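>>> below is the sequence, then the predicted model.
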Amino acid sequence: MVLTGWFFVNIVAPLLLPVVGILPLRLLPLGAHPSGLLLMSTVKDGQLCWAVIAMGTSTIYELWVALEAHKQVPTWAGVALAGVILIMLPAMTVAAGGSVFSTPIRTTSARGFRAWFLHYKVFVASVVMAAVAAFIYTELHFGIAP
């Protein structure tokens, strides 16, 4: 139960709550739903990278606290630290760049998955970075937990 609660509060909620936050806007009498209310509009420009930065910061903090308390840390903690730092650097660039350079919403899906993948490459990259950061954070957290 602890794993489920920790994982929901530290991984799932930061990644999904901002996305789900757009759903209540559909209740407003806006007439036709503008493309800005599509779920993809909340993540298409690398917005998940903000959560990557937060998870990376939390990972570094937890490792720092464990080292200060002279806890025994796993031998792979140094690799995890390097990995989280290396994933945070491109995440910062993608998150900042996504707020300046917007990807248009695709209006047609007739061209197939490859075309979709190439069109939303920033989104796909942010999903990969989020998965890596979530994995490292979870593994390190439970690797140094009492």
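Ah, there it is.
>>> alpha carbons only for contacts and neighbour counts from here, please
Will do.
>>> can you give me the helices in the protein?
Taking DSSP state H as the test, the helices found in the chain are 2-7, 13-20, 48-68, 77-100, 113-119, 121-144.
>>> reformat those as a markdown table; add distance to S41 and mean neighbour count.
Conversion of the helices of the chain to a markdown table gives the following (distance: least, Cα to Cα, whole Å; neighbours: other Cα atoms under 10 Å):
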| stretch | distance to S41 | mean neighbour count |
| --- | --- | --- |
| helix 2-7 | 25 | 11 |
| helix 13-20 | 9 | 15 |
| helix 48-68 | 12 | 19 |
| helix 77-100 | 11 | 17 |
| helix 113-119 | 13 | 12 |
| helix 121-144 | 10 | 19 |
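>>> for this protein, give me the ranges with low pLDDT.
Low-confidence regions of the chain, defined by pLDDT under 70, span residues 1-3, 26, 29-37, 107-110, 146.
>>> if we use 90, what do you get?
1-7, 14, 16-44, 67-75, 98-120, 143-146 (pLDDT under 90).
>>> that older thread, what's the closest of the helices of the chain to L38?
With Cα to Cα as the criterion, L38 lies closest to helix 13-20 of the helices of the chain, at 9.6 Å.
>>> report the angle between the closest one and helix 48-68.
160 degrees (axes from the mean of the first three to the mean of the last three Cα atoms, to 10 degrees).
>>> so what does helix 13-20 touch, helix or strand wise?
The helices and strands touching helix 13-20, judged by 3 or more Cα pairs under 8 Å, 6 or more residues apart in numbering; DSSP states H and E, are helix 48-68.
>>> and the helix it packs on with helix 77-100, angle?
Between helix 48-68 and helix 77-100, the angle formed by their directions is 150 degrees, by the same axes, to 10 degrees.
>>> centre of the chain to helix 48-68, how far?
13 Å (Cα atoms, centre = their mean, to the nearest Å).
>>> ok, now stretch 70-90?
The chain centre lies 18 Å from the centre of stretch 70-90; the measure is Cα atoms, centre = their mean.
>>> same question, stretch 93-103
Computed by Cα atoms, centre = their mean, the chain-centroid distance of stretch 93-103 equals 14 Å.
>>> which residues touch that stretch?
Contact partners of stretch 93-103, identified using Cα atoms under 8 Å, 6 or more residues apart in numbering, comprise 44-50, 119-120, 122, 126.
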